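*Asks:* just coords:
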């Protein structure tokens with residue numbers, strides 16, 4: 001029976017990994033619709049209370065600071081004009097109760113009766129399993145403007161060496 005128990009345990013571990021990856025992908029995918037709707041508390045709820053969101057030189061320390069960003073005048077102006085924060089597919093690596101996800105995002109803004117690509121960004125998400133599910137502990141975003149550090153941010157965890 002040990003063989004059956006071992007196979008069952010392996011299957012359960014694989015299923016948990018798939019469920020974790022799916023939850024993380026869903027969390028990241030929810031960021032765009034929530035931030036574009038101005039749902040400040042829901043956006044902040046994606047982070048741990050002490051989570052960090054770093055966008056280039058702009059640093060938000062804690063979930064409350066993330067909510068403040070969503071409520072800010074510049075962000076509300078962006079929403080009022082029409083925008084879409086699109087989180088592209090992410091590559092997720094789970095290691096027990098922590099995970100890393102990397103990928104790109106786009107910000108599309110409506111101006112002059114047209115949609116314009118306003119920003120393309122490389123993202124590195126660090127996450128932790130909490131009693132409420134997966135939450136962001138740190139998101140680092142860098143503008144893809146020719147600086148090699150930006151694509152390296154997303155590619156680093158994918159490299160084999």
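*Replies:* Alright, I've got the coordinates. Everything numeric here is computed off the predicted structure, so don't read it as measured data. Numbers count the residues shown, from 1 in each chain.

*Asks:* Which elements pack onto the strand ranked longest in the chain?
*Replies:* The single longest strand within the chain, with elements called by DSSP state E, is strand 114-130. Using 3 or more C-beta pairs under 8 Å, 6 or more residues apart in numbering; DSSP states H and E as the contact test, the elements touching strand 114-130 are helix 2-36, strand 47-55, strand 83-95, strand 98-111, strand 133-143, helix 149-155. In this view, the C-beta of every residue, glycine as well, is placed from N, C-alpha and C.

*Asks:* 7 Å instead, please
*Replies:* Packing contacts for strand 114-130, counted by 3 or more C-beta pairs under 7 Å, 6 or more residues apart in numbering; DSSP states H and E, involve strand 98-111, strand 133-143, helix 149-155.

*Asks:* Provide the strand pairings for it, with the direction of each partner.
*Replies:* Its sheet considered, strand 114-130 pairs with strand 98-111 (antiparallel), strand 133-143 (antiparallel) by DSSP bridges.

*Asks:* Show me the one of the ones you listed that comes nearest residue 69.
*Replies:* strand 133-143 (11.7 Å; C-beta to C-beta).

*Asks:* quick one: the residue positioned nearest the centre of the chain from residue 115, how far?
*Replies:* Taking C-alpha atoms, centre = their mean, the centroid of the chain lies closest to residue 28, which sits 4.1 Å from it. To residue 115, residue 28 is 22 Å away according to C-beta to C-beta, to the nearest Å.

*Asks:* Same question for residue 59.
*Replies:* Relative to residue 115, residue 59 is positioned 29 Å away (C-beta to C-beta).

*Asks:* again, but for residue 26
*Replies:* 25 Å.

*Asks:* and if you look at residue 148?
*Replies:* Relative to residue 115, and taking C-beta to C-beta, residue 148 is found at 29 Å.

*Asks:* where does this protein have low pLDDT?
*Replies:* For the chain, residues meeting the criterion pLDDT under 70 lie at 1, 161.

*Asks:* quick one, phi/psi of residue 76?
*Replies:* Dihedral angles of residue 76 (phi, psi; degrees, to the nearest 10) stand at phi -60, psi -40.

*Asks:* Name the nearest residue to it, ignoring sequence neighbours.
*Replies:* In space, and not counting its chain neighbours, residue 76 is closest to residue 38: 6.7 Å by C-beta to C-beta, 6 or more residues apart in numbering.

*Asks:* Alright, I will stop here.
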